[in-house]
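Visitor: Sequence and predicted model, in that order:
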Amino acid sequence: MKTFCGRANPTTGAMEWVEEDEDYDYHQEIARSRYADMLHDKDRNTKYYQGIRAAVSRVKERGEKAIVLDIGTGTGLLSMMAASAGADFCYAVEVFKPMANAALKIVEKNGFRDKIKVINKHSTEVTVGPGGDMQCRANILVTELFDTELIGEGALPTYEHAHKYLVRERCEAVPHRATVYVQLVESKRMWSWNKLFPVHVEAEDGEKIIVSPSEMENCPGVPSVCDIQLNQMPSSDFTILSDVVTMFSVDFSKPVKSASTYYRVQLEPVKSGKAQIILSWWDIDMDPSGMINCTMAPYWVKSTSALQWRDHWMQCVYFLPNEEPVLQGEKVDLTAWRDEYSLWYKLQKARGEEENKADVRVESPVCRCQAHLLWNRPRFGELNDQNRTRQYIKSLKKVLKTDSVCLCISDGSLLPVLAHYLGAKQVPYFFLFFKANHLEDKIKIIEAHPELLTSSHLEDKKISVLMGEPFFTTSLLPWHNLYFWYARTAVTSHLSSNVTVLPQSASLHMMIVEFQDLWRIRSPCGTCEGFDVRTMDDMIKNSLNFRESKEAEPHPLWEYPCKSLSDPQEVLTFDFRKSVPQHCLSTEGSVNLLRKGTSHGAVLWMEYHLAADISISTGLMQISNKKGNCEWNPHCKQAVYFFSSVIESETLSDLPSAVTYAITFNPKTGEIAMDFKL
Ligand code: SAH
């Protein structure tokens, strides 16, 4: 069977449908999956085990047989826990075929063949009764179907169905209950991920301010969850305006309703400020008493010593539709709406019961201004970064003349507006802003691919300044923005002989790092709570090596602390003043390891050289101390290449002198291949 996978082609900037065989999809899914991360989550695993043991005991104490239904068994872990805890029989349901196969192998290998039946189905397809998938209904319901938003992976409809058709009325559930918590905060940093702040431009004829159109100001944004490693957000980046409050709970041992609903709580601000953001996380109680609790609470809510690092469950950031002032002690109502899969919030002045009943509006936020569809949250943050904007302004001031004819190639860029205010006459390009800033007749949007640019688009003028940030929404890895280079090549015939290209060049940089935690997501587990899960390790390894080409993967490293073990090194340069070459750009070399630690992998990023002495890094900002702790660009993802074997050096004397590398940019595909030897 063949499947089609949508993928952006970095040489054309276009989305293309690539035909892949069936294996491709699932190798991608396994290789990039969170299974390893879950198996490394000791806190989660031990608490599930405790909860399962307690549930089996309660059922046995009642003199019943313990029949377990494990929905979404994955590796079979929770079913094996149940069987070990004395359950009489387990039905382990898994919809993803490769995982169901793995579960089967793992269950056999661990000797639970007669206690656990793996069913490769979606739980809603499972049949009960003689000749069915399950002999009878279960009396213990075990699942782990939660995402960072709790309900985003469909836990509610799955539970609703299971209670109707698959489990008995008085059943035990592990987890027993989930509770969602919220806290109101003001945070310029997080607010900058959702609204465009005014951009200040110091022009020759005074300060100009680029404002966002009112459609954008009042737009509720998009409903997709913003999940981040909140523990990496320093307390100086937000102000707490309320205590932590319970928003709602779900009891999984009773019938669950998935239909849309809302929850309302009253908050009493502990401080006056601008209400902008709702921070949210959840915990699960593995037993009815709440003694076995697994929580995602961030560092300021619980002691740091109790923090378990995990990437499969993080914390959520919700943006209120508009920022609103709140006063200390003056109560406000916070409403959470949810549908089957997502949540959204609204804040109102506290009102009486009767008034409250009248307001039951449940539509989820829909972007009306288009900007939230064009820019994701990190991109908003990037555009709002005044430091970054200043670098572009400084560079534009150096290259622009009053008779410059500019062409900007970047997605949803403010560069044309900046260029206009800085004096350029002709700036073909882009959308909405122009109206809000009365620039419709000054800036022209060309709705054509660079290859299709004609001299009539340019009114027969030659381009004297070609600019880009560069940024393209389809880019996944840092070097995919090299599409700018391809576009520049495509418009070569329209460039004047003394054209200035901004940025004039880019360079690829690389550094060897030790991750504090991120290594877990790609590291084999061996045994988990005493169960042999090496089959899973092998499966992940096999998928990572699929096609024998290990690839770098994108990660926003500001969320994943690491320390540098080598100096950063420039490995390739791309000269935008020239066209894309026909031949590959290759480099080989070695980097010296300077600090002791475990070499988990290499991090790669791009730097853009806007003009002489002005560069923008999309990766490393600085190495902040002697220990080698790194500070990363907070708006960009960097490329991480995990080494398949790690080297540990306890002392400097057993440091291998160097890691050797071979890196190749293939202009035909726009991709970068790499190989490292330790
Ligand atoms: N129980 C395992 C794995 C949890 S990951 C553990 O705790 O380690 C969740 C798994 O549930 C995924 O493998 C996913 O494919 C599966 N899944 C999610 N919803 C399901 C459903 N309704 N029916 C069957 N499998 C489901």
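Guide: Good, I have the coordinates.
Visitor: Just list whatever residues bridge to the residue of the stretch 501-650 of the chain at minimum distance from the ligand.
Guide: Of all residues in the stretch 501-650 of the chain, the one sitting closest to the ligand is Cys528 (8.2 Å; C-beta to the nearest ligand atom). The C-beta positions use only the backbone N, C-alpha and C, and glycine is treated the same way. For Cys528, the beta-bridge partners are Phe531 (DSSP bridges).
Visitor: list the contacts for the residue nearest to Arg520 when sequence neighbours are not counted?
Guide: Spatially, and ignoring its direct neighbours in sequence, Arg520 is nearest to His40 (4.3 Å; C-beta to C-beta, 6 or more residues apart in numbering). Residues in contact with His40 (C-beta atoms under 8 Å, 6 or more residues apart in numbering) are Arg520, Ser523, Cys525.
Visitor: The residue of the stretch 501-650 of the chain closest to the ligand is in contact with Asn45, isn't it?
Guide: Yes - assessed by C-beta atoms under 8 Å, Cys528 is found in contact with Asn45 at 6.2 Å.
Visitor: taking the contacts of His40 one by one, which sit in strands?
Guide: With DSSP state E as the criterion, strands contain none of the contacts of His40.
Visitor: Make TSV from those and add distance to the ligand and neighbour count to it.
Guide: Below are the contacts of His40 laid out as TSV (distance: C-beta to the nearest ligand atom, whole Å; neighbours: other C-beta atoms under 10 Å):
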residue	distance to the ligand	neighbour count
Arg520	14	19
Ser523	16	18
Cys525	10	20
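Visitor: Now for Cys528 and Asn45: what residues contact both?
Guide: Leu39, Leu77.
Visitor: In the stretch 251-400 of the chain, what residue spans correspond to strands?
Guide: Using DSSP state E, counting those that start in this stretch, the strands found in the stretch 251-400 of the chain span residues 261-267, 273-285, 293-295, 315-326, 332-338, 343-349.
Visitor: among the ones you listed, which is the most enclosed?
Guide: strand 273-285 (a mean of 23; mean count of other C-beta atoms under 10 Å).
Visitor: Any part of that one near the ligand?
Guide: No - Strand 273-285 is not in contact with the ligand by C-beta under 6 Å from any ligand atom; minimum separation 11.9 Å.
Visitor: tell me which parts of this protein are close to the ligand?
Guide: Counting by C-beta under 6 Å from any ligand atom, the chain sits next to the ligand at 38, 71-75, 77-78, 93-96, 99, 122-123, 144-145, 154, 158.
Visitor: Okay, and which of these map to strands?
Guide: Per DSSP E, the residues of the chain next to the ligand map to strands at Ile71, Val93.
Visitor: Residue of the stretch 251-400 of the chain closest to the ligand, please.
Guide: Counting by C-beta to the nearest ligand atom, the stretch 251-400 of the chain gets nearest the ligand through His312, at 8.1 Å.
Visitor: What about that residue, how many residues nearby?
Guide: The tally of other residues near His312 (other C-beta atoms under 10 Å) stands at 18.
Visitor: right, and it touches Ser33 too?
Guide: No - using C-beta under 8 Å, His312 makes no contact with Ser33, being 9.3 Å away.
Visitor: Let's see stretch 444-462 as PDB, backbone CA atoms only.
Guide: Below are the C-alpha coordinates for stretch 444-462, written out as PDB (Å, rounded to 0.1, in the frame of the first residue of the first chain):
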ATOM      1  CA  LYS A 444       2.400  46.000  -3.700                       C
ATOM      2  CA  ILE A 445       1.700  42.400  -3.000                       C
ATOM      3  CA  ILE A 446       2.800  40.100  -5.800                       C
ATOM      4  CA  GLU A 447       0.800  37.000  -5.700                       C
ATOM      5  CA  ALA A 448       3.100  34.900  -7.700                       C
ATOM      6  CA  HIS A 449       5.900  32.400  -7.100                       C
ATOM      7  CA  PRO A 450       9.300  33.900  -7.600                       C
ATOM      8  CA  GLU A 451       9.800  31.800 -10.800                       C
ATOM      9  CA  LEU A 452       6.800  33.400 -12.300                       C
ATOM     10  CA  LEU A 453       7.800  37.000 -11.500                       C
ATOM     11  CA  THR A 454       7.700  39.100 -14.700                       C
ATOM     12  CA  SER A 455       9.000  42.600 -15.400                       C
ATOM     13  CA  SER A 456       5.400  43.800 -15.600                       C
ATOM     14  CA  HIS A 457       5.000  42.900 -11.900                       C
ATOM     15  CA  LEU A 458       7.900  45.200 -11.300                       C
ATOM     16  CA  GLU A 459       6.700  47.900 -13.700                       C
ATOM     17  CA  ASP A 460       9.800  47.200 -15.800                       C
ATOM     18  CA  LYS A 461      12.100  48.300 -13.000                       C
ATOM     19  CA  LYS A 462      15.100  46.300 -11.900                       C
END
